[in-house]
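Trainee: Need coordinates for the following:
(chains A, B and C)
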Amino acid sequence: MHEQAMNYLFPNDLHIMWSLMIALYPYITGLVAGAFIVSSLYHVFGREELKPVARLAMVASLAFLSVATLPLLLHLGHPERSLNIMVTPHFTSAMSAFGMIYGLYFILVLFEIWLIYRVEIIETAARSRGIKRWIFAALALGVYDTSEGSRRVDHQLVVGLAAVGIPMACILHGYVGFMFGSVKANAFWSTPLMPIIFLFSAVTSGIAMIIVLYEIASKVNGRKIEGGCVQSLAQWLWLFATITVTLELLEIIMLAYERNEEWLVVEPLITDKIAFSFIGVQMIFGSLVPFILLAIVVLMQRYLTDTLRNVISFIAAMILLIQVFAMRWNVVIGGQIFSKSGVGFRESYVPDLGGLEGIGMALLIMVAPFVIMAVFNRYLPLSPPAGEEGRSET
Amino acid sequence: MENTKHIWRAVILLLVLLVAMVLGRQALIPESFGEMGFYRADALDEFMAKEMEYGPPGSCTECHDDVAEAKAAGGHAGVQCEVCHAPLSTHVRDGDIVAEMAINRTWHLCAYCHQQLTARPAGMTQIDLHEHLELGSGEAIPEDACFDCHDAEGIHSP
Amino acid sequence: MDDCKNNEGYTRRNFLLAGARGAAGMALVLFGGGVALVSANTVSAGGSGPRGEYGYDPTKHRWIYLVDISKCIGCGSCVRACELENQVPANFFRTWVERYHVSRTGQVWIDSPNGARDGFDPAVLGADVAKSFFVPKLCNHCTNTPCVQLCPVGASFISPDGVVLVDEQRCIGCSYCVQACPYGSRFIHPETHTASKCTLCYHRITRGHRTACVQNCPTGARRLGDAKVLGDEVANIIATSEVHLLKPELHTEPNCYYIGHSQEVR
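Mentor: A predicted model of the protein is given here:
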């Protein structure tokens, strides 16, 4: 190929179209899907040691799901027309499936949480007065059946929904990856590996978030952190993080080895333009460090005290949360740093602090799910029920 | 079936929601959507209705047949009047003169086409302005450099 | 979990079914509605006659575009005409002109200052230039276009006469199409906040005139043709001479053809 002496961008390619918000969106849906899968590990696969986080994971999934559309709405040129995507969904477009996938998944998560908390909703209604009583009675749909039989029904349905939810969560997030992977005009995005990478990193981020949330929530509430639970989560995290990073590297190595035209822009992109966020944050700090930390937790289990394990797992989980965000950032922003001309790069993108698509708004959106969870916890506990009912309580 | 009353209520609620959505969706689909394909057919009419700024070829001749005749015999015959002047709509709208036609008398206008550039095809008349005007390489070109010598007649029919 | 397995197997299955039915039903209705709409469209597509004030019948035309690189002098008249004809916002382009310089050793320089809206200045490269030329660019009005394929709301579409258009009343401004266009032809309009692009001067060609860029090209480097008109000159050139497409490997099936194309063109 010819040596390119000049940086040439198509004149319309001077603008970054997809901002910080579009990097945030797959991050949030990833947390949604990942948290749901953690909860399903308990509900469907019977990983009893995950019981302390099963409800937490489920509600975290709902909390993030309820803000998932915000970054998109803030980004749209016409948010008031967003319903068009449901009114006239153009099914040749991957994006048109958004309304259906999101809507169905939302209903499923809501339904499952309702079943998990139904008995407690009824009990709350029974011991409350005034508006609170009305609200909880409405939440119980006016049926106050807390019999053994009805609980069994609930439990069976929860198992079923959690099972259906696994492929749904995979579709929800796989589809986000597909949206990038199917853009053939973009050398950095266009690969069938993209949905798979997104999926695995979603699970990674979900497990990591549950570790962090669980440990913080336990400390705040003065409860004991269950060692077995953290140990199990850390092992799952190690597995999924390893697969994720392998796939992420595989994509790059494949491009580098094939030496197609794509590599002409991808090489300067990852070694220069986004070197800090890709090599530095995503690969070395975000992948290598937690890989070693989690390896210690997994392989040297016998030599670790509870506290040490919890601290190491917490740190590794925090770093992986950053890693996954860095991955989203590098894909979304990195894929827009070069021009479709294939021989030109934009100035690197720095998001504004304020404004609808700025860092401040992103922080607000990321804080909102935790507020939702705190409010939820005030009325319905995120910790598992006190144990007298055992497993059938879910 | 025992103990399933709450489930049925939830399912009914979902169904009601679903029907409301489907009906609501039906009401929101624009009238002409899908008439010709997966889009609003009326959009075509809206595109067609836009006003033209550049007049059809020959518009200028209707009033300026003398200039047009001279131009048709010269080297600029293939160049539309509006290329060097301005869109017809800035001068005439609905048959009425709305403003004087713009005349750009700076050298920039001529340079668009005749500035010497390596990428230009060989047959094109190209001028190294500094050499032609006997200017030093750093010297600025006077704005009216071309029009000082080349008058309207010469330009219309070089 | 185990205690309910044996005696209540029947009812349990039913509950699971009920839940699944709710979800599946919802999916079916939504999906079915969409499919019905899509198929209804396919059936009626192309069935309508003359439209609009000038009685233009979009089903009787098939617009094609031809660029002769060897004739382009890089004056930028097309870019200025397009801007005035279509009120194109500053710093965005529905059409632009690129300049290529290629040295004997294969070095390539490309530039398009302000899309060539203000023409070009002489280039100072300090190298031995072997060949040099201008390349006008615009929307390729692809038949198999990714931008229409992935518009989620049916705002981007191909008209029956082969023009890729954006319905700015339905566009939600997601910019997915901007990402998908391999040619950089689309942008988000800073005022309408919707996707914007070359309309092939739809208001002109449907009145029987040429596009602003074609009409204002002083050398005839840009030409508009109609593949449905028998003996159309542009269609004949495309059929009989060596023409090229931009990024043919992406298989977007452009309707914009190039003569005098060189492999350096991006």
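
Trainee: now stretch A:184-193: mean pLDDT?
Mentor: For stretch A:184-193, the mean pLDDT works out to 95.

Trainee: CA atoms only for that stretch, dumped as PDB, please.
Mentor: Taking Å, rounded to 0.1, in the frame of the first residue of the first chain, the C-alpha atoms of stretch A:184-193 are listed here in PDB:
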ATOM      1  CA  LYS A 184     -19.500  -2.400   7.400                       C
ATOM      2  CA  ALA A 185     -18.300   1.100   6.700                       C
ATOM      3  CA  ASN A 186     -16.300   1.100   9.900                       C
ATOM      4  CA  ALA A 187     -13.000  -0.800   9.900                       C
ATOM      5  CA  PHE A 188     -12.800  -0.900  13.700                       C
ATOM      6  CA  TRP A 189     -16.400  -2.000  14.400                       C
ATOM      7  CA  SER A 190     -17.200  -4.300  11.600                       C
ATOM      8  CA  THR A 191     -16.500  -7.800  13.000                       C
ATOM      9  CA  PRO A 192     -18.800 -10.700  13.900                       C
ATOM     10  CA  LEU A 193     -16.800 -10.900  17.100                       C
END
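
Trainee: Residues in contact with it: which ones?
Mentor: The contact list for stretch A:184-193, computed with CB atoms under 8 Å, 6 or more residues apart in numbering or on different chains, reads A:180-183, A:247, A:250-251, A:254-255, A:261-262, A:265-266, A:269, A:331, A:334-335, A:338, A:340, A:342, C:146, C:179-182, C:250. From N, CA and C alone the C-beta is placed, and that goes for glycine too.

Trainee: Going through those residues, which ones are buried?
Mentor: Listed as buried from those are A:180-183, A:247, A:251, A:255, A:262, A:265-266, A:269, A:331, A:334-335, A:338, A:340, A:342, C:146, C:179-182, C:250; burial here means 16 or more other CB atoms under 10 Å in any protein chain shown.

Trainee: Can you classify the residue nearest to A:E215 when sequence neighbours are not counted as helix, strand or coil?
Mentor: Of all residues not flanking A:E215 in the chain, A:F314 sits nearest, at 5.3 Å (CB to CB, 6 or more residues apart in numbering or on different chains). Secondary structure, DSSP: H, G, I helix; E, B strand; the rest coil: A:F314 is helix.

Trainee: what's the burial count for A:F314?
Mentor: 20 (other CB atoms under 10 Å in any protein chain shown).

Trainee: Wait, it touches A:I211, no?
Mentor: Yes: contact criterion CB atoms under 8 Å: A:F314 and A:I211 qualify, at 6.5 Å.

Trainee: so what pLDDT did A:A137 get?
Mentor: Note for A:A137: predicted pLDDT of 96.

Trainee: Check C:A27 too.
Mentor: pLDDT at C:A27 comes out at 54.

Trainee: and the next element down the chain from the helix or strand containing A:I37?
Mentor: If you go by DSSP states H and E, A:I37 is part of helix A:20-43. Remark: after helix A:20-43, the chain's next helix or strand is helix A:51-67, criterion DSSP H and E.

Trainee: That next one - contacts with which helices or strands?
Mentor: helix A:20-43, helix A:98-127, helix A:193-221, helix A:227-258, helix A:359-379 (3 or more CB pairs under 8 Å, 6 or more residues apart in numbering or on different chains; DSSP states H and E).

Trainee: Briefly note if the longest one comes near chain C.
Mentor: Okay, so that is helix A:227-258. No: judged by CB under 8 Å from any CB of the partner chain, helix A:227-258 and chain C are separated, with a smallest distance of 14.2 Å.

Trainee: for chain A, what are the nearby residues on the stretch 151-266 of chain C?
Mentor: So far as CB under 8 Å from any CB goes, the stretch 151-266 of chain C lies against chain A at C:151-155, C:170-176, C:178-188, C:192-194, C:250, C:264, C:266.

Trainee: How many residues are close by the nearest residue in space to A:G149 that is not next to it in sequence?
Mentor: Once flanking residues are discounted, A:G149 sits nearest to B:N3: 3.7 Å by CB to CB, 6+ apart. If you count neighbours by other CB under 10 Å, B:N3 ends up with 19.

Trainee: Give me the phi and psi angles of B:N3.
Mentor: When read as degrees, to the nearest 10, the backbone of B:N3 gives phi 60, psi 20.

Trainee: repeat for A:H173
Mentor: Main-chain dihedrals, A:H173, degrees, to the nearest 10: phi -90, psi -30.

Trainee: Identify the residue spatially nearest to the residue of the stretch 1-150 of chain A found nearest chain C, adjacent ones excluded.
Mentor: Proximity of the stretch 1-150 of chain A to chain C (CB to the nearest CB) peaks at A:G77, 1.9 Å away. Ranked by CB to CB, 6+ apart and with sequence neighbours excluded, the top spatial neighbour of A:G77 is C:G173, at 1.9 Å.
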